[in-house]
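Peer 1: Any chance you could fold what I've pasted below:
(6 chains)
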6 protein chains.
Amino acid sequence: MVKPIEYADADAEVRAVFDEIMAVRGVQDVNNFWKYLAHDPVELRSVWDTLRDVMADGALSPEVKELIYVAVSIANGCDYCVASHSAVAAAKGATPDMLNEMRRIVAMASRTNALAVSLRVPVDPQFEG
Amino acid sequence: MVKPIEYADADAEVRAVFDEIMAVRGVQDVNNFWKYLAHDPVELRSVWDTLRDVMADGALSPEVKELIYVAVSIANGCDYCVASHSAVAAAKGATPDMLNEMRRIVAMASRTNALAVSLRVPVDPQFEG
Amino acid sequence: MVKPIEYADADAEVRAVFDEIMAVRGVQDVNNFWKYLAHDPVELRSVWDTLRDVMADGALSPEVKELIYVAVSIANGCDYCVASHSAVAAAKGATPDMLNEMRRIVAMASRTNALAVSLRVPVDPQFEG
Amino acid sequence: MVKPIEYADADAEVRAVFDEIMAVRGVQDVNNFWKYLAHDPVELRSVWDTLRDVMADGALSPEVKELIYVAVSIANGCDYCVASHSAVAAAKGATPDMLNEMRRIVAMASRTNALAVSLRVPVDPQFEG
Amino acid sequence: MVKPIEYADADAEVRAVFDEIMAVRGVQDVNNFWKYLAHDPVELRSVWDTLRDVMADGALSPEVKELIYVAVSIANGCDYCVASHSAVAAAKGATPDMLNEMRRIVAMASRTNALAVSLRVPVDPQFEG
Amino acid sequence: MVKPIEYADADAEVRAVFDEIMAVRGVQDVNNFWKYLAHDPVELRSVWDTLRDVMADGALSPEVKELIYVAVSIANGCDYCVASHSAVAAAKGATPDMLNEMRRIVAMASRTNALAVSLRVPVDPQFEG
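Peer 2: Model prediction:
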């Protein structure tokens, strides 16, 4: 069973990533996700570097990016990811109304996704471009 | 095999829904999804009424709503829905940069979702609230 | 790329399974699924034997069994399986109304599944039994 | 974190839905699903109205409808939904044999779905209609 | 709610399968999976017989077979299966490095799967062969 | 609609990635996946760098890594990924027998995943470690 690695028990390579996460997020400790992933320092570094860049400010606002993240996590059925990113979305400014609207969309998209698959609907020519 | 029902061949119940869709969206014809769903007029009416309300303006902007819709459709693997809602998102104002950022998030969320599941990460107490 | 194996080109082991499928189903040829699976005669035999038993008459009627099969195939996003088992369901007596009701259920279950996951609803004590 | 809303703490809009659910199902309290969904009264009303209609008697019997619901919930990996709808299915008349047969079908459909996807089997012409 | 059936309470049909599992695996008791599945002795027998054959030595080594099993269980989001087969993989010789590499692949495959679906990439002619 | 970007039309940033892919793989052209992803040069660079490292030689052999990749792609239902990585697996040394055994495992894991979810099997204490 993979066990979490706490900062006090981490080597320099892992601590460097933990330090960056805490600095960027302004927190005193990293989430369980990072402590468990620390068993594979190569993947820890790769995931953090990529995630930091993907979630940085851009054409989409930080809270919208988190809402999309939560939406995908719901569709993929990842309970840990739903819990943690719902909290992060709220911390980044997503209001309860925004979260509710996101949930309604995920739910209706899942319903219409199922219908489109069940009816084997061919893509309209105008969408094939 | 379910076949599409064109407006000319539709009964009054189906035509009423088609008319509403075309009016709300400002288009001359409905997409294949609706033509295939028309074989079940009860479901056609229910899906349209709910979708119209869920996707209406609210705390989230129309293009953000469509981006979330596309993100879920990607995660659920619905090709028709990815094709049609990507086009709708662009029509509602989502720029190529926004679409790219959305895709990057869906991809990284799928990667980290898989890692969280594989490591069986327990939810942090602060996320259990 | 896996290519289909036609009866004329099949060896005795594969032909024996094809013969059984045609006899049980009262058809002159087997579907593509079996022709592609024939590249692995061991799996072909195992899948056919199990599927024949699982789909045989029991507490559930044949058409209900096929409707459940289609419902799962929709949820799993298997286009081939949706196409073939929808046709088989109809051939076994599922009416268009039954197919429509099945599709509505798959769609609404997908919607509520997403909501339950998104809200992280704990199982009620009475369901834990 | 979304918290459940109990009847005593609910406003009139939510209580109206809770009252309908209890009346239709002949129960003294609603399940956790509805208490968590009550944070979004608009979605609560929409989901209940649609679900009540979709699961009402029709061409398929109530216990068959619930079995299909459970089958989809299994395929979607929603533990809450599997737990609650398995209980409801039994309450509506699904026998242990029916539940076992449903589970066998979900399992074998998942196996053959994977095979069809892995072999990239093209849809037979007779299923394209 | 399905309850586990312990060896002491099992009938001859179930005990026979339990005995085989313990003999093949060299263990003193069977996992919860088998105890829960024992409520359906027909499915218990079918699953054990097939699984034993599929996981037996062949062109792939036992630990590689288990790693593939875990990878699929992660992608399907089955927590029980991830937990049990990760342990079995280690017991059969998969090292922590192998498990880490498998997890990285599952994560990156999930990321690129999402991208390919989102971009609707057509299959290259050379892969259609 | 996203269109593929051919080498001749690519800018220096994209060509640099294409050049690396062709050099590492010893091929004259890149697959469609990369040509479509080239619309987002940042993601193109990130995905290639990570994938190259993840799939490089390590504790697992190249063909085993590809088999795991295909297995996940099947479970995620990505047709493009199944087609392309099945071909790559064969090119890297996976024999038809290995591919068949991988497919059998994906299929049986999908079947038992569904059963474990349907029976809500609790994780055995020895797997919680």
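Peer 1: how many other residues sit next to A:Ala56?
Peer 2: 11 (other C-beta atoms under 10 Å in any protein chain shown). For every residue, glycine as well, the C-beta is placed using N, CA and C.
Peer 1: To clarify, my last question referred to A:Arg45.
Peer 2: Taking other C-beta under 10 Å as the criterion, the count of residues near A:Arg45 is 16.
Peer 1: How about A:Ile5?
Peer 2: By other C-beta under 10 Å, the residues close to A:Ile5 number 20.
Peer 1: Spit out the contact partners of it.
Peer 2: If you count contacts by C-beta atoms under 8 Å, 6 or more residues apart in numbering or on different chains, A:Ile5 has them with A:Val14, A:Lys35, A:Tyr36, A:Ala38, A:His39.
Peer 1: how about 7 Å then?
Peer 2: With contacts defined as C-beta atoms under 7 Å, 6 or more residues apart in numbering or on different chains, the neighbours of A:Ile5 are A:Val14, A:Lys35, A:Ala38, A:His39.
Peer 1: just the buried members of those residues?
Peer 2: For these, a burial check counting by 16 or more other C-beta atoms under 10 Å in any protein chain shown picks out A:Val14, A:Lys35, A:Ala38, A:His39.
Peer 1: For the last one, which non-adjacent residue is spatially closest?
Peer 2: Once flanking residues are discounted, A:His39 sits nearest to A:Val2: 5.6 Å by C-beta to C-beta, 6 or more residues apart in numbering or on different chains.
Peer 1: Check the first one too.
Peer 2: What sits nearest to A:Val14 in space, not counting adjacent residues and going by C-beta to C-beta, 6+ apart, is A:Ala38, at 4.7 Å.
Peer 1: so that neighbour makes contact with A:Leu44?
Peer 2: Yes: shown here, A:Ala38 and A:Leu44 form a contact pair, counting by C-beta atoms under 7 Å, at 5.5 Å.
Peer 1: Touching both of the two, which residues are there?
Peer 2: Common neighbours of A:Ala38 and A:Leu44, counting by C-beta under 7 Å, 6+ apart, are A:Val14.
Peer 1: by contact count, what packs against the helix or strand hosting A:Val47?
Peer 2: In this structure, A:Val47 is located in helix A:41-55 according to DSSP states H and E. With contacts defined as 3 or more C-beta pairs under 7 Å, 6 or more residues apart in numbering or on different chains; DSSP states H and E, helix A:41-55 has these neighbours: helix A:12-25, helix A:32-37, helix B:96-119, helix F:41-55.
Peer 1: Would you mind getting the angle between that helix and helix E:96-119?
Peer 2: Put simply, helix A:41-55 runs at 20 degrees to helix E:96-119, going by axes from the mean of the first three to the mean of the last three C-alpha atoms, to 10 degrees.
Peer 1: How about helix A:41-55, which residues are buried there?
Peer 2: A:Pro41, A:Glu43, A:Leu44, A:Arg45, A:Ser46, A:Val47, A:Trp48, A:Thr50, A:Leu51, A:Val54, A:Met55.
Peer 1: neighbouring contacts of it?
Peer 2: Applying C-beta under 7 Å, 6+ apart, the set of residues contacting helix A:41-55 from outside is A:13-14, A:17, A:20-21, A:24, A:34, A:37-38, A:65, B:104-105, B:108, B:112, B:115, E:100, E:104, F:46, F:50.
Peer 1: Could you figure out how far it is turned away from helix A:12-25?
Peer 2: For the pair helix A:41-55 and helix A:12-25, the angle between their directions (the same axes, to 10 degrees) equals 20 degrees.
Peer 1: what distance separates whatever helix or strand comes next after helix A:41-55 from the centre of its chain?
Peer 2: Reading on from helix A:41-55 to the C-terminus, the next helix or strand found by DSSP H and E is helix A:62-76. Centre-to-centre, helix A:62-76 and its host chain are 6 Å apart (C-alpha atoms, centre = their mean, to the nearest Å).
Peer 1: Could you do stretch A:40-57 as well?
Peer 2: Computed by C-alpha atoms, centre = their mean, the separation of stretch A:40-57 from the middle of its chain amounts to 11 Å.
Peer 1: Need the mean per-residue confidence for that stretch.
Peer 2: Averaged over stretch A:40-57, pLDDT sits at 97.
Peer 1: now swap in stretch A:8-19 and tell me
Peer 2: Stretch A:8-19 carries an average pLDDT of 98.
Peer 1: And stretch A:81-98, by the same measure?
Peer 2: 97.
Peer 1: re the thing from before, just the helices and strands packed on helix A:41-55: most buried one?
Peer 2: For these, the largest average neighbour count (mean count of other C-beta atoms under 10 Å in any protein chain shown) is found in helix B:96-119, namely a mean of 25.
Peer 1: Is it in proximity to chain F?
Peer 2: Yes: using C-beta under 7 Å from any C-beta of the partner chain, a contact is recorded between helix B:96-119 and chain F, made by B:Asn100, B:Arg104.
Peer 1: residues from chain A in reach of chain C?
Peer 2: Applying the criterion C-beta under 7 Å from any C-beta, the portion of chain A that neighbours chain C consists of A:74-75, A:77, A:79, A:82-83, A:103, A:106-108, A:110-111, A:113-115, A:117-118, A:120.
Peer 1: Can you narrow those down to the ones near chain E?
Peer 2: Residues shared between the residues of chain A next to chain C and the neighbourhood of chain E are A:Gly77 [C-beta under 7 Å from any C-beta].
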